[in-house]
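1. can't give you the sequence, but here's the structure:
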């Protein structure tokens, strides 16, 4: 059995609702600014609708973003970066940490 869509009872499309909520959440915009931005794109909604959508769908969108962020960290692309490094020069092993790492990388390049 599939989960019912949370956008089922709304006349506005889910893409527009998502866009309005993300404008409000992502950028330092007021509800009136979001209304004006969407009006310039030919979408007539009120700032009250944006406020209602924010309260209704904001936590759901935040959970999806958080889940994608965590999944991205678990993937094989993720690597841990440390502020310490062992470098071997002329057969002698040296330990570097902190700001000297950038210098060590330039040594390796030359």
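-> It's in. All values reported here derive from a predicted model rather than from experimental measurement.

2. how about residue 33, phi and psi?
-> When quoted as degrees, to the nearest 10, the phi and psi of residue 33 stand at phi -60, psi -40.

3. count of neighbours near it?
-> In terms of burial, residue 33 registers 15 neighbours under the definition other C-beta atoms under 10 Å. Any C-beta I mention is one placed from the backbone N, CA and C, and that applies to glycine too.

4. Over to the one 4 residues further on?
-> Other residues within reach of residue 37, judged by other C-beta under 10 Å, total 16.

5. Setting aside sequence neighbours, what's the nearest residue to it?
-> residue 23 (6.2 Å; C-beta to C-beta, 6 or more residues apart in numbering).

6. before we move on, what about residue 47?
-> With C-beta to C-beta, 6+ apart as the measure, residue 31 is the residue that lies nearest to residue 47, at 3.8 Å, once sequence neighbours are left out.

7. which helices and strands does the helix ranked longest in the chain pack with?
-> Taking DSSP state H as the criterion, the chain has its longest helix at helix 47-74. With contacts defined as 3 or more C-beta pairs under 8 Å, 6 or more residues apart in numbering; DSSP states H and E, the secondary structure elements packing on helix 47-74 are helix 14-26, helix 31-40.

8. Quick one: list the elements packing against the first one.
-> I take that to be helix 14-26. Counting contacts by 3+ C-beta pairs under 8 Å, 6+ apart, helix 14-26 packs against helix 31-40, helix 47-74.
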